[in-house]
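S.K.: quick one, fold the following:
(3 chains)
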Amino acid sequence: MASETAHSSPPQTFFEEVMANTPGGEALRLCLQCGTCGGSCPSGEDMDYSPRRIFAMVEANMKDKVLRSNTAWYCVSCYYCMERCPQEIPVTDFMYTLKRMAVAEGLYQGSDAPDWSKTFIGMVEQFGRSFELGLATRYHLTHHPLGKIGLGSFALDMLRRDRLALTPNSIKNMSQLRAILTKAKELGGAQ
Amino acid sequence: MKYAYYPGCSLERSAASYHTSTMAVAGELGLAFQEIPDWNCCGATEYFSLNLLPAYSLVARNLALVPDDLSELAAPCSACYVNLKKTDKYMHKYPKLGAQVNEALAAGGLQYKAGRLKVRHLLDIMVNDVGYQTIAEHVSKPLSGLRVAPYYGCLIVRPDGGFDNPEQPTSLDRLLRALGAEVIDYPLKAQCCGGHMTQITANVAYELIRRLLQNAADYKADLIACLCPMCQLNLDAYQGKVNSHFGTDYNLPVLYFTQLMALAFGLSGDAVGLGSEIVSSAAALAKIGLEVPKPEAKPKRPDKQALPMPTMPDQEA
Amino acid sequence: MDEKVKVGVYVCHCGTNIAGVVDVEEVAKWAANLPNVEVSRDYKFMCSSLGQELIEADIKEKGVNRVVVASCSPHMHERTFRGACSRAGLNPYLFEMANIREHDSWVTTDKLQATNKAKALVAAAVGRVAHQQPLESLFVPIDPHVLIVGGGVAGIQAALEIADSGNPVYLVEREPSIGGHMAQLDKTFPTLDCSACILTPKMFDAGNHKNITLLTYSEVEEVSGYVGNFTVTIRKKARHVIEDKCTGCGACTEKCPKRVVDDAFEAGLGYRKAIYRPFPQAVPKYPVIDTENCIYYERGKCKACQMFCPTEAIDFDQKDELIMVKVGNIVLATGYDLFDARRIPQLGYGRLANVFNSLEFERLSNAAGPTGGKIVLRDGVTAPQSVAIVHCVGSRDRNYNRYCSSICCMQSLKFAHLVHERLPGSEVYNFYIDIRTPGKGYEEFYHRLLEEGTHFIRGRVAEITDAARRPGEEGKLIVQAEDTLVGAQRRIPVDMVILSAGLQSRADAKEVAIKFGISCSTDQWFIEKHPKLDPVATMTDGVFVAGACQGPKDIPASVAQGSAAAARVLSIIGQREIEIDAATAIVNEESCVGCKECLASCPYQSIEFLAHKNKAHVIEALCKGCGTCVGSCLSKSISLRHFTDDQLVAEMIGAMQTMNLFEMSELEVA
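M.R.: You can find the predicted model right below:
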């Protein structure tokens, strides 16, 4: 989708594409590279590149490096960056854009996050509600199951306290939701 | 006061105690919460990572389903709250996006006029519509002697919703004080719990959770009060994992603030929903009403050599 | 006028400013056919001497007796072209401008639309000018007294220069002493001069100058009048000390039992008594009683100051005094306020004890400050071994103030130097986005700091916390930022943090502006007449600005502006008389019914009522020519010279006829 900008021509560069795919994305032109986002990020130390550096690379049209990095996938959506940015750039929204673009181009690497999101949304598109047990089993069994043995006791703890539903709950008007989502996908393309 | 109510998926089961305590407290305070008929999942932080327009449309269906006679929408879960609020705000601020979402909604026979609803977090309604005074008046069993660490998490105050400070909020602190609890002012109260990272990249999330638990423990909290099911899950259900990962021995129960309100209002049983937390709150709550709190030590004479500190503008409860 | 009207029309290209959009040659050709037009030309730059000579030549040789110049705005060049007319012997009020730049070529890119609009504007002006009458300006004498509001370094500089020239000055200062923020500082960059040492001689001179009347602990209440003739009411607040009797011995302060935090001079870092002198070198030396904190005013007890005063100079019943003065010019030099760093919670100021703001640190390092110049932590005892200095606090930030505060980089370098000097062996970290060192000797000062081993980290500080995360952080303040040059998030544990908070306009800047009849920008700095060419004048004649109140600046710039304002004032005084524009209102006494509607409507109180005649009368010297009275008069008895009904109607007809001709809608000429 296009952001609300004065530009009427379609995006020519990676930089322009990233901005066009983000609501209010033109603000990225104002980035001073001050580093507040990188400095605030709770998971910043684990990212390949800090959010600030990612924006420098976006501006330099380094599409491959940007979309292959783990930066967006390590974003916890805490919004510190967006709240503190002195140029009021919607940093967190850009992280979501980069996730979407990485998924669309199949360029994300080394992260299970897209699969988690896809599985989660699969449940929502089927039932209209999230189904944790279904989500967890499908996801964890297909992503390093051996490392997840400890989760069994976790699930038992939750079950014992009646905090885990064994069957999914569905909304009544699934056809309505499906119609809406189908239309939305048609209108919005991959992004 | 009447509100549309969006419980969110977690409140159905994994955070059922948040739902039941909210309803019980609402009953005491005369708040009417009307659940949106046939509401769907808000998509949490997942759909925005895949596809933008369907993500907003998924949330917008809920906004569109709110009956016309209701203009305020209450959301107890911080993630749902941000999604609902942001969808409404962006549909208004970015008219093209708004038009596209409405086009998608129309395929389901629905429409939503951006700006029609005021999306409010449950805490906002408690402190601003009900007020600390009224809450205090309903307290029959003050939580005296209980050292509570108010944990806001991130999404309730960021992006800035305007109802509390995005860095150092105080509304939950003040509410807990109105319940008679001893509120500890620890600096990491609005730091992120890691969200869904516990599922995906656990070690990152464990470190974030560890920092919070350590900080609350440093300040000698008996109990953590939270206001989001994701935070509760991470801090409570994963506390054991954090302990085994770091070799620590945190034992901090994590309850919803509405559970504490229910306790202070003299309610019991299902209304409070105790027992569903993984890290038991029994020991911490044994303190209520059983120990006579020691009188506050006389304030020390001001240190003659120390230089005066500037005071914060909203330093009073 | 009986003489035949001969209009000269001059359409300016203004380089490509106008000609790039408007077909100026076409407009000039077309205008030649308008009624009364004798000559119609286009020219590249009408405001140049050659352009003006064109007008003068046509007046002298072709008998042109009305001039229309289609170019920029009257604000820019009305004076220029009126001058050309005068030089050629034509009354300057027989001239009219059509603005085809700001109102036309600068607001559209559509060439046809622009050219048509230019024609309409020219036709309007040509129609009007035929009805214009010759008018004579009024000349009023200039009162040589000058009012200077604000006794900081800019105000003091202006006061001294004007007083030295022999003209009398009233220097009004809100605080009990002059000196302003400069008096609070320790050392000044880049020379590291001791601030008080260079300021106090000027303060002393200002306090003792025979031509300066110092009114401290005073504020301006009301201003009325116009350039050369202002009437100002000043409230001299009661000090409760009789100045004629006080010797400045200080016994009162010593004996006073009430100690309060000094929020003003000591920036909240030190204490003072309820009766106090703000600092030892205060000018004047007389103390002041802070009645809000004085025990006597609270509950009628104590009176220690009165008991111990050897000259009976304490007067608890002293009242505020209202003083009315007449001045010809006013200089506003009211300075700045410091950004309140408590507004940025993640930096910890106000919550974490050892986070200080810039003014607090100045007092800390000042030898006359609360710690005698020892740099210590908030406990008043411990010397820090590591200090972080944070640039850009509340500046360059759309969440607070967008602008750069100009002095903080240099100030931060200065702080770094002071820490190195007083605490040898300590580690100093400067967290910055850019290093801005534009002044003389400033870059060299930066090099000095590099040589002294300062750690410069390019990264805007994200947060300052006391929540330790790893070993080495316990008990410290941790500054978290992304070191953008290294490309990693860093947590630096330090003992003390200094926030270089930005500069802001004074909290009451807007009210002050209204009081003096000037404007503020969106950031509430006073607006200068022209940012490049006239930085100390304002749009209100006779009111000037100097120093930080016009925008953040360092001491050399403030002093320079003080001098500049003084020079402007002296130039007006030197002219002895000022010309008042002739476009003033006039009452037709025959038809005036004495209803006084005009008196009520005049925003400048320029109309008086002559009771013996039962008629209104306009005081021309005060009239600003706004026309409000003309509209309010129920009997149509007031007209505005140079804006008569005939002239305005002719202007409208000129425009509308052209609009019809080119089928232009109203919107196009709006």
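
S.K.: flag every buried residue along the longest helix seen in chain C.
M.R.: Ranked by number of residues, the top helix in chain C under DSSP state H is helix C:555-575. By neighbour count with 16 or more other C-beta atoms under 10 Å in any protein chain shown, helix C:555-575 contains the buried residues C:555, C:557-566, C:568-570, C:572-573. The C-beta positions use only the backbone N, C-alpha and C, and glycine is treated the same way.

S.K.: now do stretch C:452-471
M.R.: Of the residues in stretch C:452-471, those scored as buried under the neighbour-count criterion (16+ other C-beta under 10 Å) are C:454, C:456-469.

S.K.: what pairs with the helix or strand that the longest helix of chain C is followed by, and is each one parallel or antiparallel?
M.R.: Heading C-terminal from helix C:555-575, the first helix or strand you meet, by DSSP states H and E, is strand C:577-580. Sheet pairing for strand C:577-580, assigned by DSSP bridges, gives strand C:138-141 (antiparallel).

S.K.: and C:Gln647, that one's in a helix?
M.R.: Yes. Counting by DSSP: H, G, I helix; E, B strand; the rest coil, C:Gln647 falls inside a helix.

S.K.: near it, how many other residues are there?
M.R.: Burial measure for C:Gln647: 20 neighbouring residues, criterion other C-beta atoms under 10 Å in any protein chain shown.

S.K.: assess the claim that it and C:His131 are in contact.
M.R.: Yes. Under the criterion of C-beta atoms under 8 Å, C:Gln647 makes contact with C:His131 at 4.5 Å.

S.K.: in terms of pLDDT, where does the closest residue to C:Met539 other than its chain neighbours sit?
M.R.: Here the nearest residue to C:Met539 in space, its sequence neighbours aside, is C:Lys529; by C-beta to C-beta, 6 or more residues apart in numbering or on different chains that works out to 5.8 Å. In the predicted model, C:Lys529 carries a pLDDT score of 92.

S.K.: B:Asp314 now?
M.R.: B:Asp314 is assigned 64 on the pLDDT scale.

S.K.: and C:Ile407, how far is that from chain B?
M.R.: If you measure C:Ile407 against chain B using C-beta to the nearest C-beta, to the nearest Å, the figure is 22 Å.

S.K.: ok so, going back, how close does the residue nearest to C:Met539 sit to A:Glu59?
M.R.: When C-beta to C-beta, to the nearest Å is the yardstick, C:Lys529 and A:Glu59 sit 40 Å from each other.

S.K.: about what we covered before: elements contacting the longest helix of chain C?
M.R.: helix C:153-164, strand C:329-332, strand C:543-545 (3 or more C-beta pairs under 8 Å, 6 or more residues apart in numbering or on different chains; DSSP states H and E).

S.K.: repeat that with 6 Å
M.R.: helix C:153-164, strand C:329-332 (3 or more C-beta pairs under 6 Å, 6 or more residues apart in numbering or on different chains; DSSP states H and E).

S.K.: what angle separates the longest one from helix C:555-575?
M.R.: In other words, helix C:153-164. Per axes from the mean of the first three to the mean of the last three C-alpha atoms, to 10 degrees, the angle that helix C:153-164 makes with helix C:555-575 is 30 degrees.

S.K.: and the contacts of helix C:153-164?
M.R.: When contacts are defined by C-beta atoms under 6 Å, 6 or more residues apart in numbering or on different chains, helix C:153-164 is touched by residues C:146, C:148, C:169, C:171, C:182, C:202, C:205-206, C:209, C:211-212, C:331, C:333, C:546-547, C:558-559, C:561-563, C:565-566, C:569.

S.K.: how about stretch C:92-112?
M.R.: Counting by C-beta under 6 Å, 6+ apart, residues outside stretch C:92-112 touching it are C:14, C:17-18, C:21-22, C:66-70, C:72-74, C:78, C:81-82, C:85-86, C:114, C:117-118, C:121-122, C:125, C:128-129, C:132, C:134-135, C:642.

S.K.: find the nearest non-adjacent residue to the residue nearest to the spatial centre of chain C, please.
M.R.: The C-alpha lying nearest the average C-alpha coordinate of chain C belongs to C:Phe526 (C-alpha atoms, centre = their mean; 3.0 Å). With sequence-adjacent residues excluded and distances taken as C-beta to C-beta, 6+ apart, C:Phe526 is closest to C:Val545, at 4.5 Å.

S.K.: cool, C:Val543 as well?
M.R.: Computed as C-beta to C-beta, 6+ apart, the closest residue to C:Val543 that is not its neighbour in sequence is C:Ile330, at 4.8 Å.

S.K.: the closest residue to chain A within chain B: neighbour count?
M.R.: Closest residue of chain B to chain A, C-beta to the nearest C-beta: B:Leu53 (2.9 Å). A count of nearby residues for B:Leu53, using other C-beta under 10 Å, gives 23.

S.K.: one more: the one 4 residues further on?
M.R.: Residues lying near B:Ser57 (other C-beta under 10 Å) number 33.

S.K.: for it, give me the backbone phi and psi.
M.R.: phi -70, psi -40 (degrees, to the nearest 10).

S.K.: looking at the helices and strands packed on helix C:555-575, which is buried most?
M.R.: Compared across the helices and strands packed on helix C:555-575, strand C:329-332 shows the largest average neighbour count, a mean of 29 (mean count of other C-beta atoms under 10 Å in any protein chain shown).

S.K.: direction included, what does the following helix or strand past that one pair against?
M.R.: Following the chain from strand C:329-332 toward its C-terminal end, the next helix or strand by DSSP H and E is strand C:336-338. Note on strand C:336-338: by DSSP bridges, its sheet partners are strand C:503-505 (antiparallel).

S.K.: fine, thanks again, bye for now.
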